[in-house]
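J.: Below are the sequence and a predicted model for it; my questions follow.
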Amino acid sequence: SQQGEEDPQALSIQEGENATMNCSYKTSINNLQWYRQNSGRGLVHLILIRSNEREKHSGRLRVTLDTSKKSSSLLITASRAADTASYFCATARDDKIIFGKGTRLHILP
Amino acid sequence: SQTIHQWPATLVQPVGSPLSLECTVEGTSNPNLYWYRQAAGRGLQLLFYSVGIGQISSEVPQNLSASRPQDRQFILSSKKLLLSDSGFYLCAWSPTIAAGIWSPLHFGNGTRLTVT
């Protein structure tokens, strides 16, 4: 069953701009994770935020979590061409980690 | 350091043929292991996960099966492939830690399966 849903499905921005992606989920979670996938490759973990945390930073990444709204956002600041990829949120509950359908981010030169 | 190996990278199989995809993890013990499938341009669908040898949980009832014959080996199989089995198959592992606390997944590079 699909737990997380990312929004938008696709996003194109100019290099240097900020990119914001959103994720909504349906049930209670232990934590929420964001991953990145370059075309044809496996996923790479970016950042994990626990259910009792509201905001977390890692380099140019900023993640927020609102458990009352069951939503999270991923902000990439000062985007670069190398940020072009698909981004997925994943929620952890019991023994399972369930992924959303992802946001395809394209950074325009 | 821990590494995950997944093979083959690409596979073309006729409908009705068997399938065996293998995934091994090095540098850790008693990992949680996962098989996901990704259809073209879509998200990841959890197929199977395992928290120990011989312990397999299935998320999607279909003609696929999984086995964990050794601690760090996870195998995805099918006796007869269907056209709908085409996709990108990803193996992943995470450390086994305290209940209710979860670590990120580490993914292999995937197997691109085309059923013809």
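T.: Arrived safely.
J.: contacting residues around A:Gly16?
T.: Shown in contact with A:Gly16 (C-beta atoms under 8 Å, 6 or more residues apart in numbering or on different chains): A:Ala78, A:Ser79. Backbone N, C-alpha and C define where each C-beta goes, glycine included.
J.: what helix or strand does it sit in?
T.: Counting by DSSP states H and E, no helix or strand carries A:Gly16.
J.: Please apply the same query to B:Gln6.
T.: strand B:3-7.
J.: give me the low-pLDDT residue ranges for chain B?
T.: B:61, B:97-101 (pLDDT under 70).
J.: What segments of it are strands?
T.: All strands of chain B, identified by DSSP state E, fall at B:3-7, B:10-13, B:19-26, B:32-38, B:44-52, B:55-58, B:64-70, B:73-78, B:87-94, B:106-107, B:111-115.
J.: Likewise for chain A?
T.: Under DSSP E, chain A gives strands at A:5-7, A:10-14, A:19-24, A:31-37, A:43-50, A:55-58, A:61-66, A:71-76, A:85-93, A:96-99, A:103-108.
J.: Flag every buried residue along stretch B:74-83.
T.: B:Phe74, B:Ile75, B:Leu76, B:Ser78, B:Leu81 (16 or more other C-beta atoms under 10 Å in any protein chain shown).
J.: Stretch A:99-109 now?
T.: A:Phe99, A:Gly100, A:Lys101, A:Gly102, A:Thr103, A:Arg104, A:Leu105, A:Ile107.
J.: Is stretch A:20-32 positioned near chain B?
T.: Yes. Counting by C-beta under 8 Å from any C-beta of the partner chain, chain B has neighbours in stretch A:20-32: A:Asn30, A:Asn31.
J.: which residues are in contact with that stretch?
T.: Contact partners of stretch A:20-32, identified using C-beta under 8 Å, 6+ apart, comprise A:3-8, A:11, A:34, A:48-51, A:63, A:65, A:67, A:69-76, A:87, A:89-93, A:100, A:103, A:105, B:100-102.
J.: ok, now which ones touch B:Pro8?
T.: B:Leu21, B:Thr111.
J.: Got phi/psi on it?
T.: Here is the backbone geometry of B:Pro8 (degrees, to the nearest 10): phi -80, psi 170.
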